[in-house]
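**Q** pasted the sequence and its predicted model underneath.
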Amino acid sequence: MAWIRRVRTASGATAVQIAESVNGRRRIVAHVGSAHTEAELGLLVERARELLEDTKQGEFNLGLEPAAPRTALIGQPGTPALFDEPDPARRERGLVTPPRVVGTSSRVLYDALTAVFTDLGFDTLGDAVFRDLVIARIVEPTSILDTARVLTDLGVRPASEKTMRRTLARAVAGEGPGAYRDEVAALCFTHAATNGDVSLCLYDVTTLYFEAEKEDDLRKVGYSKERRVDPQIVVGLLVDRHGFPLEIGCYEGNKAETATIVPIVKQFQDRHNVEDMVVVADAGMLSAANLTALEEANLRFIVGSRVTKAPLDLASHFRWHGDAFTDGEVIDTITPRTGRHRSENNEALRAEPVWDREQHPGSWRALWAYSTKRAARDTKTLTLQENRARAVIAGEKAARTPRFVKAKGDGQALDEAALARARRLVGLKGYVTNIPGQLMPAGEVIGSYHELWHVEQSFRMSKTDLAARPMFVRTREAIEA
């Protein structure tokens, strides 16, 4: 595709050329001439148009027609430039002034994000400063002081720094009607309920670290999912089955993961008067106190089970069928609620018990599924752990005590029994729930648990694409906002 090109020369004249792009490189096809006056420029442009027509090539659309909008796109995609519109009367006489750039901005990006903000219903907050802070945070995470520059680059006149800081404070202050946290949560719930359902919610936890030397009341050193020793915060996120956020909370960095799920789920339940829902979480949330609290709140749950519980849960299966499994096999059985409860599974009976809340008050329903693909992966992992253990025992590798190494006298030895138990359980994955089989078959329980990748995806997107780590703020108020 060829187009007309105007170039300002060193003498101050305007050269009119016909150019084309070949393999990504610009090439001058013809030099039409140089103009020193507007009249000469108009004649040269008209001559260039005739040459383009003669070669039967389409003209490059510069967006300079009278009916064209004032904003035309040039340069990189998504970057608009504002031009002075040509005078129609001068155009008729062939005296068209070359376009002059009077300003640039990424307004297209801002308008697109504003449309999404509105489509989600957040415009009902009626706070343009809050909206601009959200958009700026997505475009380029930076400090409040530098946010004005980001908004200016987007073609928006920013509010003052004090106004933006007051907006942050307003975003987390108070409870009840008018509180931003409540209003935003209500809008998220409405969007999720309108575009799907909230009968099944997924929960997970992540950590966000700070490059800070000292701890404070919120930023504390704790177990880090990124294996860091910096002060951090713990963030819990509840989403719908498609990964859309419904409730969020942040806690001290040394807060145990298991202590976060119940407060957030109850907060969500109370806020929206939800009485019937299923909460799905991974094995990290598996604790007797959590499951009991969810049960007492009349909520149903599906959580992952630790493989160490398999020998007790599958005792009757191992007795009658051995440790051989078929790919895709699912054993629907029961598991003790706590370590204080005795197993209600009678090993003398060949058939696995069907969980019933009344008949098994000390147990939950447990499902164990076997996968040959998972078995191959687990076997490879165990082999690597065994080799590492043997290397440590032989003194070939100095490291902290790895798995399957036990103390023996003054030395160390391979824990053959623990290794044998682990190999016996390869390929197994467990699930614990309080949903009876007649309400939700085993396949649906397992399928619901596997939806957890949506909340994990939300965390990955937040931590990478949106750079969620609040590295430019330090106060609790600003961090939560």
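**A** That came through fine.
**Q** low-confidence ranges, the stretch 101-250 of the chain, go.
**A** 101-105, 174-178 (pLDDT under 70).
**Q** where do the strands sit along it?
**A** 101-104, 200-209, 232-240, 245-252 (DSSP state E, counting those that start in this stretch).
**Q** distance from the last one to the middle of the chain?
**A** Just to be clear, that refers to strand 245-252. How far strand 245-252 lies from its chain's middle: 14 Å, per Cα atoms, centre = their mean, to the nearest Å.
**Q** tell me the buried residues in it?
**A** 245-252 (16 or more other Cβ atoms under 10 Å). Where you see a C-beta, it was placed from the backbone N, CA and C, and this is true even at glycine.
**Q** show the contacting residues for S199.
**A** 276-278 (Cβ atoms under 8 Å, 6 or more residues apart in numbering).
**Q** at 6 Å instead, please
**A** By Cβ atoms under 6 Å, 6 or more residues apart in numbering, the contact list for S199 reads M277.
**Q** tell me the domain ranges of the chain?
**A** Per the TED database, the domain ranges recorded for the chain read 2-52, 107-173, 180-300+454-465, 374-424.
**Q** compare those domains and give me the one nearest V330.
**A** With Cβ to Cβ as the criterion, V330 lies closest to domain 374-424 of the domains of the chain, at 13.1 Å.
**Q** distance between the ends of that closest one?
**A** End-to-end span of domain 374-424 (Cα to Cα, to the nearest Å): 13 Å.
**Q** go through the protein and flag its longest helix.
**A** Longest helix in the chain by number of residues (criterion: DSSP state H): helix 372-393.
**Q** quick one: buried residues of that one?
**A** 375, 378, 382, 385-386, 388-389, 392-393.
**Q** would CSV of those residues with distance to L314 be doable?
**A** Formatted as CSV, the buried residues of helix 372-393 follow (distance: Cβ to Cβ, whole Å):
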residue, distance to L314
A375, 15
D378, 16
L382, 18
Q385, 22
E386, 23
R388, 28
A389, 26
V392, 31
I393, 31
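**Q** closest to A112 among these?
**A** D378 (45.4 Å).
**Q** please identify which pair of the buried residues of strand 245-252 lies farthest apart.
**A** Distances among the buried residues of strand 245-252 were taken as Cβ to Cβ; the most separated pair is L246 and E252, at 22.6 Å.
**Q** phi, psi of the closest residue to A407 other than its chain neighbours?
**A** Of all residues not flanking A407 in the chain, A413 sits nearest, at 7.8 Å (Cβ to Cβ, 6 or more residues apart in numbering). With angles defined as degrees, to the nearest 10, A413 sits at phi -140, psi 160.
**Q** cool, A281 as well?
**A** phi -150, psi 160.
**Q** tell me how far it lies from V455.
**A** Per Cβ to Cβ, to the nearest Å, A281 is found 9 Å from V455.
**Q** in the stretch 201-350 of the chain, which spans are helices?
**A** 261-272, 288-296, 310-313, 315-321 (DSSP state H, counting those that start in this stretch).
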